[in-house]
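Enquirer: Would you be able to build a 3D model of this:
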Amino acid sequence: MSTILQVQGMQKYYGSRGVVTKAVDNISFSVEEGEYVGIMGVSGSGKTTLLNCISTIDTVTAGTIRIKGKDVTALKGKELERFRREELGFIFQDFNLLDTLTAYENIALALTILGEKPDEIHRKVLEVATKLNISSILSKFPYQMSGGEKQRTASARAIITNPSLILADEPTGALDSKSARMLLETIGMLNEQMKATILMVTHDAFTASYAKRILFIKDGRIFNEILRGEDTRKEFFGRIIDVVTLLGGDANVVM
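Expert: Below is the predicted model of the structure:
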């Protein structure tokens, strides 16, 4: 098993000399191929800043971030753009589907940008659509889809380029409980059946309980880490709540 993500001594500061905020304070961890890792923390803990730096949306103040051995903190311009397109997949809270494109076109867009041949694009779209059970809606536009169909389309778009790492930022934040469960089952399927490596940021213990390992962030540092192991998801949820309580969070809020 190879290391997909390696974060070493990462720091991210905001502000000027007079007032400096340490959003991420010397964090180090790694994610192995095929892992499903959750990052939890209360608002302001630094978890979203951490994800933004890993996703190359933001830059680090110090430290390195390596994805498949490549130091992404050193990439710039077109090289960075291409790396992001080829190696990273994204699952957003609000899907970020393009309203003027069909499900098929939304999924195929990344491959089109990469310059793949039409026949190959068609094959890959049909393949991933079959796996996610959305073959029947490929001609629909987002406004014609249910919430669950949008979720699966967004997941198909995230996996279509066979990225090294899928990044999910509060993926259930805007969903009702039924839709949230459907999305989490889909993400779990990407991990279990398609061997996708997933890093998910969430403040929600129920959402986190679908992951296999949880890193807890407090004041920009790693506070604790737990592995699911042989626990059922319900048992893992209980252990997550225990750590959230130690973090000072409100268990009633995150359930």
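
Enquirer: Tally up the residues packed near Gly173, please.
Expert: For Gly173, the tally of surrounding residues (other Cβ atoms under 10 Å) stands at 14. Yep, even glycine has a C-beta here, placed from its N, CA and C like the rest.

Enquirer: any idea how far Thr100 is from it?
Expert: Between Gly173 and Thr100 the computed distance is 25 Å (Cβ to Cβ, to the nearest Å).

Enquirer: before we move on, what about Cys53?
Expert: Taking Cβ to Cβ as the measure, Cys53 falls 32 Å from Thr100.

Enquirer: what does Ile187 give?
Expert: In terms of Cβ to Cβ, Ile187 sits 26 Å off from Thr100.

Enquirer: ditto for Thr64
Expert: Noted for Thr64: a distance of 39 Å to Thr100, by Cβ to Cβ.

Enquirer: So between these two, which is more surrounded?
Expert: Thr64 (15 against 9).

Enquirer: hang on, the more buried one packs against Thr73?
Expert: Yes - using Cβ atoms under 8 Å, Thr64 is in contact with Thr73, at 5.6 Å.

Enquirer: Distance of Gly63 relative to Asp71?
Expert: Relative to Asp71, Gly63 is positioned 10 Å away (criterion: Cβ to Cβ).

Enquirer: Please spell out the segments of the chain that come in under the pLDDT threshold.
Expert: Filtered on pLDDT under 70, the chain yields the residue ranges 174, 249-255.

Enquirer: Helices of that one, start to end?
Expert: Along the chain, the stretches classed as helices by DSSP state H are 47-54, 77-87, 103-113, 118-131, 147-159, 177-192, 205-208, 233-247, 251-254.

Enquirer: which ones are touching the residue nearest to Gln11 when sequence neighbours are not counted?
Expert: The shortest distance from Gln11 to any residue that is not its chain neighbour, by Cβ to Cβ, 6 or more residues apart in numbering, is 4.2 Å, and that residue is Ala62. Shown here is Ala62, whose contacts under the criterion Cβ atoms under 8 Å, 6 or more residues apart in numbering are Gly9, Met10, Gln11.

Enquirer: and these, which of them are in strands?
Expert: Using DSSP state E to define strands, the subset of the contacts of Ala62 located there is Gly9, Met10, Gln11.

Enquirer: ok, now which ones touch the closest residue to the second one other than its chain neighbours?
Expert: Among residues not flanking Met10 along the chain, Gly63 sits closest, at 3.7 Å (Cβ to Cβ, 6+ apart). Contacts were defined as Cβ under 8 Å, 6+ apart; by that measure Gly63 touches Val7, Gln8, Gly9, Met10, Gln11, Asn26, Ile27, Ser28, Thr73.

Enquirer: what would those residues look like in a markdown table with distance to Asn133 and neighbour count?
Expert: Rendered in a markdown table, the data for the contacts of Gly63 read as follows (distance: Cβ to Cβ, whole Å; neighbours: other Cβ atoms under 10 Å):
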| residue | distance to Asn133 | neighbour count |
| --- | --- | --- |
| Val7 | 34 | 21 |
| Gln8 | 40 | 14 |
| Gly9 | 43 | 11 |
| Met10 | 38 | 24 |
| Gln11 | 43 | 16 |
| Asn26 | 43 | 14 |
| Ile27 | 37 | 21 |
| Ser28 | 39 | 12 |
| Thr73 | 38 | 17 |
